[in-house]
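>>> Any chance you can model this:
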Amino acid sequence: MKVKIRDNKFKVKVMDTPSARNEGMQGKEFNEYFNGMLFLMESSSNCFWMKDCIISLDIIFINDNIITKVFEKCPPCLVDDCPSYCDKGSIILEVASGTCSRLGIQKGDRVSYSLL
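Numbers count the residues shown, from 1 in each chain. Next comes the predicted model:
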């Protein structure tokens, strides 16, 4: 699946089951197969954390195909008491740290999706 924000396209891995959403980017890095992780959530308000992640991420909250919040440069967390990144959005996109700043991705940007 691909996600488009402005003229930027991301090849994403879709996390649409409870176990996949819980695992997320823990212990993973982006590669030639995917440069984003797309979470399809069951509620409209969600919280994410960086527990056991090995790379820093930008976390993008999306509601009705509009970005509602961008958390930039969220660092990995290897302890039990990790900060949470919360906002409204039933779809959340994680990309490499610094991506949003480098590409000018911000709150209010429109998001589209395609299977190819």
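>>> and after the lowest-mean-pLDDT helix or strand in the chain, which helix or strand comes next?
Across the helices and strands of the chain, mean pLDDT, DSSP states H and E gives its lowest value to helix 18-23, namely a mean of 92. As assigned by DSSP states H and E, the chain's next helix or strand after helix 18-23 is strand 36-40.
>>> got the angle between the helix or strand just after that next one and strand 36-40?
Downstream of strand 36-40, the first helix or strand assigned by DSSP H and E is strand 45-49. Compare the direction of strand 45-49 with that of strand 36-40 by axes from the mean of the first three to the mean of the last three Cα atoms, to 10 degrees and you get 140 degrees.
>>> Identify each buried residue in the next helix or strand after strand 45-49, please.
Scanning forward in sequence from strand 45-49, with DSSP H and E defining helices and strands, the next element found is strand 57-63. Buried residues in strand 57-63, counting neighbours by 16 or more other Cβ atoms under 10 Å, are found at 57-63. The way it works is simple: take the backbone N, C-alpha and C, and place the C-beta from them, glycine included.
>>> and if you look at stretch 5-20?
For stretch 5-20, a neighbour-count test (16+ other Cβ under 10 Å) marks 5, 8, 10, 12-13, 15 as buried.
>>> What is the nearest of these to V111?
Using Cβ to Cβ, I5 comes nearest to V111 of these, at 5.4 Å.
>>> beta partners for the closest one?
On the basis of DSSP bridges, I5 is bridged to N8, V111.
>>> dump the residue contacts of V95.
Contacts for V95 (Cβ atoms under 8 Å, 6 or more residues apart in numbering) come out as 10, 30, 35-36, 57-58, 60.
>>> Phi, psi for G98 please.
Per-residue torsions, G98: phi 90, psi -10 (degrees, to the nearest 10).
>>> ok, the buried residues of strand 57-63 vs F71, which is closest?
Minimum separation from F71 among those (Cβ to Cβ) is found for I59, which lies at 4.4 Å.
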